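Student: Here is my input, please return the structure:
(chains A, B, C and D)
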2 protein chains.
Amino acid sequence: MDLTPRQAEILDFLRRHRDEQGVPPTRAEIVTAFGFRSPTAAEDHLRALARKGVIELKPGASRGIRLLERADEYLSEAVQLARREAANEASLPLVGRVAAGAPILSDPNVETRIPLAGDFFRPRAHFLLRVQGESMRDAGILDGDLLAVHQTPEARSGQTVVARLDDEITVKTLRLRGGIAELLPANPDFAPIVIDLSRESLVIEGLAVGLIRGGFGSPLIR
Amino acid sequence: MDLTPRQAEILDFLRRHRDEQGVPPTRAEIVTAFGFRSPTAAEDHLRALARKGVIELKPGASRGIRLLERADEYLSEAVQLARREAANEASLPLVGRVAAGAPILSDPNVETRIPLAGDFFRPRAHFLLRVQGESMRDAGILDGDLLAVHQTPEARSGQTVVARLDDEITVKTLRLRGGIAELLPANPDFAPIVIDLSRESLVIEGLAVGLIRGGFGSPLIR
DNA sequence: AGGAGCACTGTATAGATATACAGTTAACCT
DNA sequence: AGGTTAACTGTATATCTATACAGTGCTCCT
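Tutor: Sure, this is the predicted structure:
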């Protein structure tokens, strides 16, 4: 059963009071916080929250209000957003096969999240891309590696870039000469890709800023 | 000023009560927990803790006991140990140049800690080793990379190992044939190392289980 | 039309709680 | 030898606190 807006307000207050004061509130403190004129108003709300299973009331005990785990599901939107942002700052989305046309960080492209903060890399990484193929082998970037990518359209000649070409994502070294862009592989078995910028477009998704191999449960040892 | 052993016990109880019950205890609850026969015993202890600045007492408020930040400095040894272990589980020591003779994880060898849990890798990593040299270049292990290492003396032929040879740490592929061990580089510019196990000893420090490049503030982009 | 749930007001009270006051015992410092 | 501090016992009480009981007005469902 869902909480009413008012009950969610009360729950938010319980959480805030606990976090800021270190103690759950009394009925009287709820009354003053919300401007009630009767302790029963607070009592009724607590009963409702307990009935819905988001808090536990200890009979007889003063301040005997306990926020249960599942209370997290009923956070106000503002608090939920803040939590999600905090979680995002401590982990990176892992992008596998990129669907044609879709933005690289759109939901269906994200396989999972890796528990590593983006600012572990410099400049900071915005996502991890699972490398496919051996075209950058001689740069130490192997098939299956996770490439840490700083999302930016700006790239200089010589940098290792993540580019989108005909709705395909590719990792290569960028070389710019006049109106010509070259995407150079680091493997003699592969041919460079040459793009005439006056006729074709090249979308730079980001820069390679790091690499992770062998994590997330895929063993390196066979 | 330091806490007395008894005061530390009381503080531990306050913390445990808060964590387990979600509410600080009343004087009466302290009394029953410690077998006191007078509420004043609890009151006196709380006053002492407040005077020493580890808790804050709110006059008049029931359960008005607040654990302050600096209370963490006065944790019991058991709790401190548990905390340190929890922190270690969420980060990996980075080992740079290894001092001759010293165990690989001894204090002076550890440069810093990297905020990544060891069980991010399978089997779990115990430390990260900063790779020196290009001898494993063709295996995608470059100079400066951080190699995630699972600490174990057991290695099978074909695995990438971290070995100690004449007090030098080296990363190579292991090959075992009868009483002969070979440490094979992955770079034609380097020669294999052959060890006759009946005459020389080879210490395996661990197995390579993963790799990180470009993190910890060292930019990949130039 | 009426029952149920929500969100309250208003009053009352048993008992939970903090806290003062008066002691005791032992260790430690000077 | 005397003062201070820690760690308690024992009693008492103002007041804080949970909670019961009796209502009101509103909305939503059937």
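
Student: For chain B, tell me whether the lowest-mean-pLDDT helix or strand in chain A is touching it.
Tutor: Every helix and strand in chain A was compared by mean pLDDT, DSSP states H and E; the lowest is helix A:77-89, with a mean of 73. No. Judged by C-beta under 8 Å from any C-beta of the partner chain, helix A:77-89 and chain B are separated, with a smallest distance of 12.0 Å. From N, CA and C alone the C-beta is placed, and that goes for glycine too.

Student: Tell me the first helix or strand C-terminal of that helix.
Tutor: Sequence order places strand A:92-95 as the next helix or strand after helix A:77-89, per DSSP states H and E.

Student: What is that next one packed up against?
Tutor: strand A:110-114, strand A:127-130 (3 or more C-beta pairs under 8 Å, 6 or more residues apart in numbering or on different chains; DSSP states H and E).

Student: again, 10 Å this time
Tutor: strand A:110-114, strand A:127-130, strand A:146-151, strand A:203-213 (3 or more C-beta pairs under 10 Å, 6 or more residues apart in numbering or on different chains; DSSP states H and E).

Student: Can you name every helix or strand that the longest one contacts?
Tutor: Pointing back at strand A:203-213 there. Using 3+ C-beta pairs under 10 Å, 6+ apart: strand A:203-213 touches strand A:92-95, strand A:127-130, strand A:146-151, strand A:160-165, strand A:168-177, strand B:146-151, strand B:203-213.

Student: Contact partners for the nearest residue to A:P108 once chain neighbours are set aside?
Tutor: Leaving aside its sequence neighbours, A:P108 sits nearest to A:A99 (C-beta to C-beta, 6 or more residues apart in numbering or on different chains; 5.9 Å). Taking C-beta atoms under 10 Å, 6 or more residues apart in numbering or on different chains, we find A:A99 in contact with A:106, A:108-109, A:167.

Student: what's the most distant pair in the residues you listed?
Tutor: Based on C-beta to C-beta, the longest span within these runs between A:P108 and A:D167 and measures 14.4 Å.

Student: Next, work out how far apart the most centrally placed residue in chain A and A:L81 are.
Tutor: Residue closest to the mean C-alpha point of chain A, counted by C-alpha atoms, centre = their mean, is A:N88 at 3.4 Å. A:N88 sits 10 Å away from A:L81, taking C-beta to C-beta, to the nearest Å as the criterion.

Student: pLDDT weak spots in chain A?
Tutor: Residues of chain A that meet the criterion pLDDT under 70 lie in A:1, A:75-78, A:100-101, A:215-222.

Student: which bits of it sit near DNA strand D?
Tutor: Contact residues (C-beta under 7 Å from any atom of the strand) of chain A with DNA strand D: A:26-29, A:39-40, A:42-43, A:57, A:59-65.

Student: re earlier: out of the contacts of A:A99, grab the one that's most surrounded.
Tutor: A:N109 (19 neighbours; other C-beta atoms under 10 Å in any protein chain shown).

Student: got the domain boundaries for chain A?
Tutor: Chain A breaks down by automatic domain parsing into domains covering A:5-86, A:91-212.

Student: do the first one and DNA strand C meet at all?
Tutor: Yes. Remark: domain A:5-86 sits within contact range of DNA strand C at A:5-7, A:34-41, A:44-45, A:48, A:60-64, by C-beta under 7 Å from any atom of the strand.

Student: buried subset of those residues?
Tutor: Buried members of the residues of domain A:5-86 next to DNA strand C, counted by 16 or more other C-beta atoms under 10 Å in any protein chain shown: A:7, A:36, A:41, A:45, A:48, A:61, A:63-64.

Student: Can you list which of those are found in helices?
Tutor: A:7, A:41, A:45, A:48 (DSSP state H).

Student: Closest one to B:R113 out of the residues you listed, please.
Tutor: A:Q7 (43.6 Å).

Student: ok, the closest one - contacts?
Tutor: A:45-46, A:48-49, A:52, A:54, A:74.

Student: With A:G206 instead?
Tutor: Applying C-beta under 10 Å, 6+ apart to A:G206 gives the contacts A:104, A:123, A:125-127, A:129, A:147-155, A:161-163.

Student: Quick check: beta-bridge partners of it?
Tutor: In this entry, A:G206 is beta-bridged to A:Q151, A:V162, by DSSP bridges.

Student: if I look at it, how far off is DNA strand C?
Tutor: Note on A:G206: its distance to DNA strand C, by C-beta to the nearest atom of the strand, to the nearest Å, is 47 Å.

Student: mind checking how far that residue is from A:A42?
Tutor: Applying C-beta to C-beta to A:G206 and A:A42 gives a distance of 52 Å.

Student: Now A:E29: closest residue in space that isn't a chain neighbour?
Tutor: That would be A:H17: by C-beta to C-beta, 6+ apart, it lies 7.1 Å from A:E29.

Student: Kindly apply the preceding question to A:L147 instead.
Tutor: Per C-beta to C-beta, 6+ apart, closest to A:L147 is A:L129, 4.7 Å.

Student: Surely the residue nearest to A:E29 is in a helix?
Tutor: Yes. According to DSSP: H, G, I helix; E, B strand; the rest coil, A:H17 belongs to a helix.

Student: Does it touch A:F34 like I think?
Tutor: No. The pair A:H17 / A:F34 is not scored as a contact, 11.7 Å apart, by C-beta atoms under 10 Å.

Student: Give me the common contacts of the two.
Tutor: By C-beta under 10 Å, 6+ apart, A:H17 and A:F34 have no common neighbours.

Student: Count the neighbours of A:F13 for me.
Tutor: Neighbours of A:F13 under the rule other C-beta under 10 Å: 17.

Student: ok, it - contacts?
Tutor: A:25, A:29-30, A:33-34, A:42, A:45.

Student: where's it, which helix or strand?
Tutor: With DSSP H and E as the criterion, A:F13 is inside helix A:5-21.

Student: Show the subsequent helix or strand relative to that helix.
Tutor: Taking DSSP H and E, what comes next after helix A:5-21 is helix A:27-34.

Student: can you list the residues that contact that following helix?
Tutor: By C-beta under 10 Å, 6+ apart, helix A:27-34 touches A:6, A:9-10, A:13-14, A:16-17, A:21, A:23-26, A:36-43, A:45-46, A:62-63, A:65, B:61.

Student: repeat that with 7 Å
Tutor: By C-beta atoms under 7 Å, 6 or more residues apart in numbering or on different chains, the surrounding residues in contact with helix A:27-34 are A:13, A:39, A:41-43.

Student: can you check stretch A:16-24 too?
Tutor: A:14, A:25, A:63, A:65, A:67, B:23-24, B:63-64, B:66-67.

Student: How many neighbouring residues does the closest residue to A:G64 other than its chain neighbours have?
Tutor: Of all residues not flanking A:G64 in the chain, A:K58 sits nearest, at 3.2 Å (C-beta to C-beta, 6+ apart). Other residues within reach of A:K58, judged by other C-beta under 10 Å, total 13.
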